[in-house]
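K.L.:
Need the 3D shape of this:
(chains A and B)
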Amino acid sequence: MDIQERLEKIYPSHEADEKAILFIRKHWFLFFMVFLILFGMLLLPTIVLIITIKYFPQLFSGSVINILVIFGSMYLLFLCAIFLIGFINLYFDVVILTNKRIIDINQKGLFHRVVDELDLLHVEDVASRVRGILGTFFDFGTVEIQTAGTERNFIFTGIPNPRKLCQLILAQYKELLKADQFEAVRRIDSAEGLGSGRLRSSVHEEMHGRQLKPRPTIDNLIDRKNLTNLKSQSGQFPQIDQAKSEGELVEGKAVDLNKPNENQILIKFNIKRENLAEVLKILPSLKSPTINDLIDPKYVAIESVVKKSELGQLLPQLKAKGATDIIQSGIRIL
Amino acid sequence: MTILLVIYLLFLIGFIVFSIFGLYHLWKFGFQGDMCKIVMVTYSIVSGLIIFFSLMIILALNWSGVNFPSINNLLPNLFGGA
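P.N.:
The predicted model follows:
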């Protein structure tokens, strides 16, 4: 039976995607100690009995034999019961390391079973201790796991090769931490509408050792319903149409949102209020131009995003309509 | 001595009940290929043999008219007194 099947049998309520990595029982020397104690408990009365029979045979007469048989058999059965309890206590004390948590099953007698679970992400520190001649010689000891917050620390005693368990716990913790961070980023991406499962930084690429997926596109940022409207209103927002025709907004193409938009610029100018309507007819923008009042009520200030390639054609038209103080600057769409 | 036999009988019942629970525990939580099956068989055989032989000896012994030995009878025997 492999470790996963053991996990399913001993701990059927585990998560569906939970994989057992390590299944540890107590070190065999502890079982040997139980045998040794029982052997001593058997040997000592036997020696006493033999000596008594040899040197005081007169004691074993009449009803003494009857009593000896009764209590002798009771004692032997008692030793059998101790063996069974000892074996169950030790053999069913199990530590299971999965890819998500540590399960500590502590058997205390026949009807007392304590199952402790520790999420691997709550592990703060892991320490192994090998004490004494026997522990050093047979390589068994204690593994102590310090946990975050108010959770109690986990202490596993009599663990064979405790350093290996520590290393495995730490390795699994790191794996889980990476996966958890990746999941957190994925959730943030999803919440921001950047597409599910898309990695946002090279850190995650390094962590997972795989290629960086295409970065979020404009299509992910713009509400798809609005985008459909934009598409249907082709010509009304020429800068977007232009961008789309140049492949910048084509779905699936990588666009770096942090880089300045080299195809579009922001222009600002002042114009007489009476010419405003005519200027707005020729002026493109992302949605509609921004119009600000000036102190001089005859003039207004206009801001608009226009396509760089159209600027040469647009400027003479604006000047013809009376635009003055024309300023242009680069833009960065966030 | 009837009381001794009754005590033994009660102990035997308790032991058998305990053994059933213990063996059930091993059977339920044990795995294929682990030590549980070996322990179950060994335990059953050993305890069965102890019970069998003790019962055989008890049945073979004469229990009629047997009384608890008094300390007064034991001490002279032990120290070789009169």
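
K.L.:
Excluding chain neighbours, what is closest to the residue of the stretch 51-200 of chain A found nearest chain B?
P.N.:
Nearest to chain B in the stretch 51-200 of chain A, going by CB to the nearest CB, is residue A:73, at a distance of 3.2 Å. The C-beta positions use only the backbone N, C-alpha and C, and glycine is treated the same way. Excluding the flanking residues, the one nearest residue A:73 by CB to CB, 6 or more residues apart in numbering or on different chains is residue B:54, at 3.2 Å.

K.L.:
got a list of what that neighbour touches?
P.N.:
By CB atoms under 8 Å, 6 or more residues apart in numbering or on different chains, the residues touching residue B:54 are A:69-70, A:72-73, A:76.

K.L.:
so which strand or helix has the residue of the stretch 51-200 of chain A closest to chain B?
P.N.:
helix A:63-91 (DSSP states H and E).

K.L.:
Would you mark the buried spots in that helix?
P.N.:
A:63-66, A:69-74, A:76-77, A:79-81, A:83-91 (16 or more other CB atoms under 10 Å in any protein chain shown).

K.L.:
Remind me what it packs against, helices and strands.
P.N.:
Identification of packing neighbours for helix A:63-91 by 3 or more CB pairs under 8 Å, 6 or more residues apart in numbering or on different chains; DSSP states H and E yields helix A:28-55, strand A:101-107, helix B:2-29, helix B:36-60.

K.L.:
okay, the closest residue to residue A:31 other than its chain neighbours: pLDDT?
P.N.:
Once flanking residues are discounted, residue A:31 sits nearest to residue A:90: 5.8 Å by CB to CB, 6+ apart. Residue A:90 is assigned a predicted lDDT (pLDDT) of 89.

K.L.:
and the gap between residue A:90 and residue B:44?
P.N.:
19 Å (CB to CB, to the nearest Å).

K.L.:
likewise residue A:142?
P.N.:
Counting by CB to CB, the gap from residue A:142 to residue B:44 is 35 Å.

K.L.:
now residue B:18
P.N.:
13 Å.

K.L.:
So for these two, which sits in the more crowded spot?
P.N.:
Using other CB atoms under 10 Å in any protein chain shown as the criterion, residue B:18 and residue B:44 rank with residue B:18 on top: 16 against 13.

K.L.:
can you list the weak-confidence ranges in chain B?
P.N.:
For chain B, applying pLDDT under 70 flags the ranges B:32-33, B:65-82.

K.L.:
ok and the residue in it nearest chain A?
P.N.:
residue B:54 (3.2 Å).

K.L.:
Assign residue A:155 to helix, strand or coil.
P.N.:
strand (DSSP: H, G, I helix; E, B strand; the rest coil).

K.L.:
Residue A:116 too?
P.N.:
strand.

K.L.:
give the contact list for it.
P.N.:
By CB under 8 Å, 6+ apart, the neighbours of residue A:116 are A:103-104, A:106, A:154.

K.L.:
Please convert those residues to JSON lines, extending it with distance to residue A:28, pLDDT and neighbour count.
P.N.:
Formatted as JSON lines, the contacts of residue A:116 follow (distance: CB to CB, whole Å; pLDDT from 0 to 100; neighbours: other CB atoms under 10 Å in any protein chain shown):
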{"residue": "A:103", "distance to residue A:28": "21", "pLDDT": "88", "neighbour count": "21"}
{"residue": "A:104", "distance to residue A:28": "19", "pLDDT": "89", "neighbour count": "18"}
{"residue": "A:106", "distance to residue A:28": "19", "pLDDT": "88", "neighbour count": "15"}
{"residue": "A:154", "distance to residue A:28": "22", "pLDDT": "87", "neighbour count": "20"}
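
K.L.:
Enumerate the residues of the stretch 101-250 of chain A near chain B.
P.N.:
By CB under 8 Å from any CB of the partner chain, the residues of the stretch 101-250 of chain A that approach chain B are A:110-111.

K.L.:
Try it again at 10 Å.
P.N.:
Within the stretch 101-250 of chain A, the positions adjacent to chain B are A:105, A:107, A:109-111, A:113 by CB under 10 Å from any CB of the partner chain.

K.L.:
Between those, identify the one with the most neighbours.
P.N.:
Going by other CB under 10 Å, residue A:107 tops those with 20 neighbours.
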